[in-house]
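Undergrad: Got a sequence here, can you build the structure:
(one chain, ligands or ions: 1)
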Amino acid sequence: MLNETLKVIENRRSIRKYAQTPLTAEEKQTILHATLRAPTAGNMMLYSIIEVEDQALKDQLAVTCDNQPFIATAPWVLLFVADYQRFFDYYTFCDVESVCHEKGIPPRQPAEGDLLLASCDALIAAQTAVIAAESLGIGSCYIGDILENAEKHREMFDLPRFTLPITLLVFGRPFVSKDENRLTTRYDQEFVVFQNKYQRLTKEQFISMNESAAARNFPNLSREEAAITLGRNNYFRKFVADFSIEMNRSSKTWIDTWKSGPAKE
Ligand SMILES: Cc1cc2nc3c(=O)[nH]c(=O)nc-3n(C[C@H](O)[C@H](O)[C@H](O)COP(=O)(O)O)c2cc1C
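TA: You can find the predicted model right below:
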């Protein structure tokens with residue numbers, strides 16, 4: 001049986017067409033308040049949220065995030081930044097380096113683990129915002145393509161060295177036609193949830209994992225051929241697509257800047 005919270009989770013879907021009614025200040029405040037209640041590693045809140053209010057910035061994002069025009073039409077846009085800069089600046093303000101020298105402990109700078117932890121914090125906050133918005137009847141959509149174009153995005157939002165814009169969220173009241181009113185499917189639990197140890201999938205499991213989509217798309221092929229054709233299409237549409245190549249180039253730029261020094265301190 002679904003309680004009210006589970007109903008909100010069950011019926012959420014990504015929303016890409018918006019009624020142009022703006023969100024009220026109270027709605028935004030309610031969502032932000034809930035977002036900041038998200039769990040956070042060591043209660044350090046290793047993230048920042050940038051409200052993108054300037055229409056010119058939204059228009060740019062619609063281009064730099066793999067040409068997705070609906071971004072520019074979203075009434076509310078939030079950039080979630082994995083952020084060790086604030087805490088590292090705080091440590092600097094506290095002159096931790098002098099204390100390290102006194103104690104004989106080598107000081108250090110934010111590194112890979114800190115980046116991953118800050119990314120966890122930012123994403124957990126983002127999903128909390130999604131669910132809070134949904135509970136108010138406000139739809140949302142993640143924009144993973146914010147990981148592309150590191151140099152442009154760093155410049156657009158003035159992002160310092162120990163930050164990384166891990167995701168963008170766009171919000172708005174749903175403007176939905178009937179055929180868009182469907183939930184997307186998910187893989188069955190048996191392919192995703194394991195007991196005690198990781199399980200690599202077998203050939204037969206790959207065939208049954210995608211069976212209904214494969215049969216719908218390629219009704220004239222055998223089960224196995226349909227599964228293989230679907231997987232190949234996915235590979236070429238996503239994995240080796242230009243946006244994916246750019247995302248990996250750009251992400252390396254963010255990581256390299258954390259590791260080896262500034263594009264901007
Ligand atoms: C990390 C992440 C990145 C995403 N990036 C995009 C995006 O750039 N553009 C888009 O339209 N949807 C994006 N989505 C939304 C997914 O396409 C969507 O969640 C998925 O198809 C499942 O549909 P549902 O959210 O309606 O259940 C993204 C979702 C996640 C979690």
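Undergrad: Near the ligand, which residues of the stretch 1-150 of the chain are found?
TA: Residues of the stretch 1-150 of the chain lying close to the ligand (C-beta under 6 Å from any ligand atom) are Arg13, Ser14, Arg16, Gln68, Cys141, Tyr142, Ile143, Gly144, Asp145. For glycine as for every other residue, the C-beta is placed from the backbone atoms N, C-alpha and C.
Undergrad: Sketch out the strands for the stretch 51-200 of the chain, chain order is fine.
TA: 76-83, 139-143, 163-172 (DSSP state E, counting those that start in this stretch).
Undergrad: Give me the sheet partners of the last one and which way each runs.
TA: For strand 163-172, the paired strands and their directions (DSSP bridges) are strand 76-83 (antiparallel), strand 139-143 (antiparallel).
Undergrad: what's the distance between the following helix or strand past it and the middle of its chain?
TA: Following strand 163-172 in sequence order, the next helix or strand is helix 203-209 (DSSP states H and E). Centroid separation for helix 203-209 versus its chain: 28 Å, with C-alpha atoms, centre = their mean, to the nearest Å.
Undergrad: And stretch 28-41, by the same measure?
TA: 16 Å.
Undergrad: One more: stretch 235-244?
TA: For stretch 235-244, the distance to the chain centre is 18 Å (C-alpha atoms, centre = their mean).
Undergrad: And it, end to end?
TA: 11 Å (C-alpha to C-alpha, to the nearest Å).
Undergrad: pLDDT of it, averaged?
TA: On average, the pLDDT along stretch 235-244 is 97.
Undergrad: That stretch and the ligand in contact?
TA: No. Residues of stretch 235-244 are not located near the ligand by C-beta under 6 Å from any ligand atom, the shortest gap being 8.6 Å.
Undergrad: show me where the chain has helices.
TA: 4-11, 25-36, 55-64, 70-73, 85-93, 96-103, 112-135, 150-157, 203-209, 211-217, 223-234, 242-260 (DSSP state H).
Undergrad: Would you format the ones you listed as a markdown table with distance to Asp188 and mean neighbour count included?
TA: Below are the helices of the chain laid out as a markdown table (distance: least, C-beta to C-beta, whole Å; neighbours: other C-beta atoms under 10 Å):
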| stretch | distance to Asp188 | mean neighbour count |
| --- | --- | --- |
| helix 4-11 | 16 | 11 |
| helix 25-36 | 31 | 16 |
| helix 55-64 | 35 | 16 |
| helix 70-73 | 31 | 18 |
| helix 85-93 | 41 | 14 |
| helix 96-103 | 50 | 11 |
| helix 112-135 | 22 | 20 |
| helix 150-157 | 37 | 18 |
| helix 203-209 | 7 | 14 |
| helix 211-217 | 10 | 14 |
| helix 223-234 | 14 | 15 |
| helix 242-260 | 26 | 15 |
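Undergrad: Of all these, which one is nearest Arg182?
TA: Ranking these by proximity to Arg182 (C-beta to C-beta) places helix 4-11 first, at 11.0 Å.
Undergrad: who does that closest one touch, helix- and strand-wise?
TA: Judged by 3 or more C-beta pairs under 8 Å, 6 or more residues apart in numbering; DSSP states H and E, helix 4-11 is in contact with helix 112-135.
Undergrad: Could you check the angle the helix it packs on makes with helix 85-93?
TA: Here the directions of helix 112-135 and helix 85-93 differ by 130 degrees (axes from the mean of the first three to the mean of the last three C-alpha atoms, to 10 degrees).
Undergrad: what does stretch 26-39 rub up against?
TA: Applying C-beta atoms under 8 Å, 6 or more residues apart in numbering, the contact partners of stretch 26-39 are 45, 49, 76, 121, 124-129, 131-133, 136, 138, 171.
Undergrad: go with 10 Å
TA: Outside stretch 26-39, the residues that touch it by C-beta atoms under 10 Å, 6 or more residues apart in numbering are 22-24, 45, 47, 49, 51, 75-76, 78, 80, 120-138, 140, 169, 171, 173.
Undergrad: rewinding a little: ok, so of the residues of the stretch 1-150 of the chain next to the ligand, who is nearest Ala215?
TA: Distances from Ala215 to those, taken by C-beta to C-beta, are shortest for Arg13, at 23.1 Å.
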